[in-house]
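In: make a model of this:
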Amino acid sequence: MSNVAATALTPLTTLAEGGNHNSLSPYLTGFGALGALLILLWITTRFNRD
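Out: Take a look at the predicted model:
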């Protein structure tokens, strides 16, 4: 494994295990994604009028 891959692997593993990343709130991320999908659904239904 190259040195670049090994350097990138450590923070990714920490983040995947739940990590010490306090800026990512699971609730904020989930509701943000839900809100974005609902907006996209609304836009799609507005343009899909036959």
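In: what residue is smack in the middle of the protein?
Out: In the chain, the centroid-proximal residue (CA atoms, centre = their mean) is Thr29; its distance is 6.8 Å.
In: so that residue is in which element?
Out: Secondary structure assigned from DSSP states H and E places Thr29 in helix 26-47.
In: so what's the gap between that helix and the chain middle?
Out: Taking CA atoms, centre = their mean, to the nearest Å, the mean C-alpha location of helix 26-47 is offset from the chain mean by 13 Å.
In: let me see the mean pLDDT of it.
Out: For helix 26-47, mean pLDDT rounds to 94.
In: show me what that helix is packed against.
Out: On a contact count with 3 or more CB pairs under 8 Å, 6 or more residues apart in numbering; DSSP states H and E, helix 26-47 meets no helix or strand. To be clear about C-beta, it is placed using only N, CA and C from the backbone, and glycine gets the same treatment.
In: buried ones in it?
Out: Across helix 26-47, burial judged by 16 or more other CB atoms under 10 Å covers no residue at all.
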